[in-house]
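Participant: Give me a 3D structure for the following:
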Amino acid sequence: MDPLVIVFGLGVGVLIGMTGIGGGSLMTPLLILFAGVHPTVAIGTDLAYGAVTKTLGGWRHLRKGTVDLGVSKWLAFGSVPGSVAGVILLELVLKHSPSILLTGVACALLVVSISMLFRALFLQAAIERERHTVELTTGTKVRAVGLGVVLGFLLGLTSVGSGALIGLALILVFRLTPHRVVGTDVFHAAIVLWAAGLAQLVAGNIDFALMGTILVGSLPGVLIGTALSSQVPAIVLRPALGCVLLGSSLGVLTKAGVDLPTWTIVGVPVIVGIVVALIHRVQVRRHPARPLPEALPA
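Facilitator: Residues are numbered from 1 along each chain as shown. Next up is the predicted model:
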């Protein structure tokens, strides 16, 4: 039982409980970069542990009344088969091509980090259009299934995106309030992660000893994070997470064989963080009365 992996699990679990983000977006690169786990096993183990962790978080959010069950259901109609398709492609094509697989994980992390930074800077106006629940028209159901297929496929292939990308869709497409974004995101992620995790189990890509070690830290972390989910200021944590994921994507790219200067892994995220902070400062000066989100979206 590696204490470092337990610490990783605790930290990621807290982030999952607070934000809905952190499973594949942080754990997969941590396992690959610092624990030396093979990419395929890291993805499979991460999906399996994430299913257990987000089931706990989803149950707690369901009890708090922060889950839109209708949106979750229709997203799952697309994301469950999409995630299984992603695992099949991983097993048949990419399992024996570590460099290609690592590049795919890095690109997914890059997409997630950019989406988080974009949300932090440019989605304040969306607050005025937020709603507590979504009317399930035919068009809404079709959009939910289509989004589910695409995001589920990416999740099954790389284990990245169950929180950040689906959370972004819940904001942009369904316009849910922050609390409902977090709850719906975590609840839906539990469903799709079980599907992808079971597919990885059949493929033999899960290290159960590693998974158990992660859960020792992540389960209490989720409980702590869920309790803190309504108290943490999104305006600071969201862009910080985006910068961390940007650094993770650059680190995974170097693992894939891309020749990047060592300083870029830390330097680029720091520079981006400074730029984001300056842009936010300008925005606050221009719109001092603009309200901040009541809670941290996933």
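Participant: ranges for the strands of the chain?
Facilitator: With DSSP state E, there are no strands along the chain.
Participant: Let me see the ranges of the helices in it.
Facilitator: Along the chain, counting by DSSP state H, helices occupy 3-19, 28-33, 39-64, 69-89, 98-122, 138-158, 164-172, 178-203, 208-228, 234-255, 262-286.
Participant: Nearest to H132, out of those?
Facilitator: Among those, helix 178-203 comes nearest to H132, with 6.2 Å by C-beta to C-beta. For the C-beta atoms, the positions are set from N, CA and C on the backbone; glycine is no exception.
Participant: quick one: buried residues of the closest one?
Facilitator: Residues 178-200, 203 are the ones in helix 178-203 that count as buried (16 or more other C-beta atoms under 10 Å).
Participant: now the helices of the chain as JSON lines including mean pLDDT?
Facilitator: Output for these, formatted as JSON lines (pLDDT from 0 to 100):
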{"stretch": "helix 3-19", "mean pLDDT": "81"}
{"stretch": "helix 28-33", "mean pLDDT": "86"}
{"stretch": "helix 39-64", "mean pLDDT": "86"}
{"stretch": "helix 69-89", "mean pLDDT": "94"}
{"stretch": "helix 98-122", "mean pLDDT": "83"}
{"stretch": "helix 138-158", "mean pLDDT": "92"}
{"stretch": "helix 164-172", "mean pLDDT": "80"}
{"stretch": "helix 178-203", "mean pLDDT": "89"}
{"stretch": "helix 208-228", "mean pLDDT": "85"}
{"stretch": "helix 234-255", "mean pLDDT": "81"}
{"stretch": "helix 262-286", "mean pLDDT": "85"}
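Participant: how many neighbours does L136 have?
Facilitator: 14 (other C-beta atoms under 10 Å).
Participant: isn't it right up against L75?
Facilitator: No: assessed by C-beta atoms under 8 Å, L136 is found out of contact with L75, at 11.5 Å.
Participant: Just give me how far stretch 49-58 sits from the chain centre.
Facilitator: 13 Å (C-alpha atoms, centre = their mean, to the nearest Å).
Participant: CA atoms only for that stretch - export them in CSV, please.
Facilitator: Presented in CSV, the C-alpha positions along stretch 49-58 are these (Å, rounded to 0.1, in the frame of the first residue of the first chain):
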residue,chain,number,x,y,z
TYR,A,49,-12.2,3.5,-8.7
GLY,A,50,-14.0,6.5,-10.0
ALA,A,51,-17.2,4.5,-10.3
VAL,A,52,-17.1,3.6,-6.6
THR,A,53,-16.1,7.1,-5.5
LYS,A,54,-18.7,9.0,-7.6
THR,A,55,-21.4,6.5,-6.5
LEU,A,56,-20.8,7.7,-2.9
GLY,A,57,-20.8,11.4,-4.0
GLY,A,58,-23.8,10.9,-6.3
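Participant: And the nearest residue to G65 once chain neighbours are set aside, how far from G146?
Facilitator: Residue nearest to G65 in three dimensions, not counting chain neighbours: G183, with 7.8 Å by C-beta to C-beta, 6 or more residues apart in numbering. For G183, the distance to G146 equals 22 Å [C-beta to C-beta, to the nearest Å].
Participant: Give me the most central residue, the chain.
Facilitator: The centre of the chain sits closest to G163, judged by C-alpha atoms, centre = their mean, with a distance of 3.1 Å.
Participant: quick one: pLDDT of that one?
Facilitator: Residue-level confidence at G163 comes out at 71, pLDDT.
Participant: Look up how far D185 lies from it.
Facilitator: For G163, the distance to D185 - C-beta to C-beta - is 6 Å.
Participant: And for R119?
Facilitator: 13 Å.
Participant: dump the residue contacts of the closest residue to D68 other than its chain neighbours.
Facilitator: With C-beta to C-beta, 6+ apart as the criterion, D68 has its nearest non-adjacent residue at 4.6 Å, and that residue is T184. By C-beta atoms under 8 Å, 6 or more residues apart in numbering, the contact set of T184 is H61, T66, V67, D68, V71, S72, L170, L176.
Participant: Out of those residues, flag the one nearest to L33.
Facilitator: Distances from L33 to those, taken by C-beta to C-beta, are shortest for L170, at 29.3 Å.
Participant: Report the separation between that closest one and V111.
Facilitator: According to C-beta to C-beta, L170 stands 16 Å off from V111.
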